[in-house]
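S.K.: Quick one, fold the following:
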Amino acid sequence: MPASISRFGIVGLGKMGGGIALSAIGHGFSVAALDTHPISDEMQRAGVKPAGDIAGLVRLLTPPRLIMLYVPAGPPVDTLLDQLLTLLDKGDVVADGGNSYWGDSIRRHARAKQHGIAFASLRSPMAISTSAAPAPATSSSSCTTASNLACCRRSAKAWSC
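M.R.: Got it, this is the predicted structure:
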């Protein structure tokens, strides 16, 4: 049985990341965080452990690590992922909670997979963890992607592969 995660990291404590941090702490999780601004006294009083940089955030977490990214879509996600891939271990997870383009999420998944790191896109049409697939042009069309992906189709309730 895989180890459970009781502490995780968040990069970006704006409305979404900050709200998730506070909610998680309220549900018994420990949260370490990194932001472009100093971590507020309110967040620290609630229990958020501040990190000075991305390496410090990784050091505050024990494997298997989960790091959630709540930063603007695009280059900021790629920059953070590049840094994280040099610091994380096989079996760790990076989850992008931003509004990333699904094609970028598939590319990021492939990069992370080469390092044994799982990548999940939390806001794309489908979450990407151990496999990924783009949204088809219409609800009835099928699609294929990289060699590790099977044909995908959209069902009435959710994406399935």
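
S.K.: Correct me if wrong: residue 87 contacts residue 51.
M.R.: No - in this structure, residue 87 is not within contact of residue 51 by Cβ atoms under 8 Å, at 11.6 Å. From N, CA and C alone the C-beta is placed, and that goes for glycine too.

S.K.: Of the two, give the one with the bigger neighbour count.
M.R.: Counted by other Cβ atoms under 10 Å, residue 87 and residue 51 do not tie: residue 51 has more neighbours, with 21 against 14.

S.K.: confidence score at that one?
M.R.: What the model reports as pLDDT for residue 51 is 97.

S.K.: From residue 33, how far off is it?
M.R.: 7 Å (Cβ to Cβ, to the nearest Å).

S.K.: can you check residue 4 too?
M.R.: Residue 4 is 20 Å from residue 33, by Cβ to Cβ.

S.K.: Can you pull out the low-pLDDT segments for this structure?
M.R.: 1-3, 124-161 (pLDDT under 70).

S.K.: Quick check, central residue of it?
M.R.: The residue lying closest to the centre of the chain (Cα atoms, centre = their mean) is residue 95, at 0.8 Å.
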